[in-house]
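> model the structure of this input:
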Amino acid sequence: MQGLKGKIVIIAANNAGSSDRHFTPYSRGARADQMSGGEIHANIVETVLSGRFPRPPPLAGEAAYMLLVLALATYLFQRLAADRGAVAGW
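Numbering: from 1, shown residues only. Purely as a prediction, here's the structure:
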């Protein structure tokens, strides 16, 4: 057991008959593969330990983005007819 001290161990079944298989956001298309639950958890652990996960943008960046979206929406609202505006808003 000393070889595992300070390590993270994930125990999971990964055989063909296992029901612990799931679609992920990267599983797309008609022939999408499912990922085993253990592999999903291992990816979560690696992401947390490496610190490479999405972080929210700074407040100034969020405000600039919202102002840009609002300006574009206002421009489209004033320039387009009602039916085209509805399609653009969709």
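> mean confidence score for the strand or helix carrying residue 72?
Under the criterion of DSSP states H and E, residue 72 resides in helix 59-79. Per-residue pLDDT over helix 59-79 has a mean of 90.
> before we move on, what about stretch 15-22?
80.
> what residues are up against residue 19?
Counting by Cβ atoms under 8 Å, 6 or more residues apart in numbering, residue 19 touches no other residue. All C-beta spots, glycine's among them, are computed from the backbone N, C-alpha and C.
> ok, so what distance separates it from residue 2?
34 Å (Cβ to Cβ, to the nearest Å).
> what pLDDT does the most centrally placed residue in the chain get?
Nearest to the mean C-alpha position of the chain, by Cα atoms, centre = their mean, lies residue 25 at 6.7 Å. Turning to residue 25, the model gives it a pLDDT of 84.
> does it count as helix, strand or coil?
Following DSSP: H, G, I helix; E, B strand; the rest coil, the label given to residue 25 is coil.
> for residue 40, see how far away it is.
11 Å.
> got the CA positions of the helix holding residue 72 in CSV?
Provided in CSV are the C-alpha atoms of helix 59-79 (Å, rounded to 0.1, in the frame of the first residue of the first chain):
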residue,chain,number,x,y,z
LEU,A,59,-15.8,41.9,-14.9
ALA,A,60,-14.6,44.5,-17.5
GLY,A,61,-14.6,41.8,-20.1
GLU,A,62,-18.1,40.7,-19.3
ALA,A,63,-19.3,44.3,-19.3
ALA,A,64,-17.6,45.0,-22.7
TYR,A,65,-19.2,41.8,-24.2
MET,A,66,-22.7,42.8,-22.9
LEU,A,67,-22.3,46.3,-24.3
LEU,A,68,-21.3,44.8,-27.7
VAL,A,69,-24.3,42.5,-27.7
LEU,A,70,-26.6,45.3,-26.7
ALA,A,71,-25.3,47.6,-29.3
LEU,A,72,-25.7,45.0,-32.0
ALA,A,73,-29.2,44.1,-30.9
THR,A,74,-30.2,47.8,-30.9
TYR,A,75,-28.7,48.3,-34.4
LEU,A,76,-30.6,45.2,-35.7
PHE,A,77,-33.8,46.3,-34.0
GLN,A,78,-33.7,49.7,-35.6
ARG,A,79,-32.6,48.6,-39.1
